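>>> sequence unknown, structure follows:
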C-alpha cells in the first residue's frame, strides 16, 4: 500500500507541477520596486542609450559620431506596461522596434541593441523604466465608419 500511495502522490505532484508551469512563466505578479526617474535619466546617459535612442520630450546630449534613430516615448494606442519596458531592456530581441527598417534595428533577426544584463543593476533598471514610462502618451485610435444610406 505504501508503494501505491507513493506512486499516486508522485502523479499528483507531477500534475500540479504541469498546471503551475504557465503561472511560473507568467508575468502576472511580477513587479520590481518603484524607481527614480531622475536617476533613470542619468542611467540612460551613463549607459549611452542616447547613442541610438531619443526620448520624446527630452533634450538629451548627443554622442559624437552617432545619430540616434529609434525614438522612445510619444503616442501609443495602448499603455506601455512596466513589464514590456523591462523586457525591452533585458531582452531587446524579444520584439524589434516597429516602424523602422529591419536592417537598422536588427541583424539576422537579433536586435542591434547592446544587452546590458551583466552591467546594469536592478536599481538602474527600475530607475530607467521609471524615467521612460511617463514619456508614453496613450491616445484613443480614431476610427471612421462608413455610413450606409
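Here it is on my side, so go on. Source: prediction; values computed, not measured. Numbering: from 1, shown residues only.
>>> domains of the protein?
The chain breaks down by automatic domain parsing into domains covering 1-30, 34-138.
>>> mean pLDDT lowest where, among those?
Mean pLDDT values for the domains of the chain show the minimum at domain 1-30, a mean of 56.
>>> phi, psi of the closest residue to residue 93 other than its chain neighbours?
Distances taken as Cβ to Cβ, 6 or more residues apart in numbering put residue 111 closest to residue 93, at 4.3 Å, once the chain neighbours are dropped. (Glycine included, C-beta is placed from N, CA and C.) When quoted as degrees, to the nearest 10, the phi and psi of residue 111 stand at phi -60, psi 140.
>>> so residue 111 bridges to which residues?
Beta-bridge partners for residue 111, by DSSP bridges, are residue 106.
>>> follow-up on the earlier one: mean neighbour count, the domains of the chain: which tops it?
Most buried of the domains of the chain, by mean neighbour count (mean count of other Cβ atoms under 10 Å): domain 34-138, with a mean of 15.
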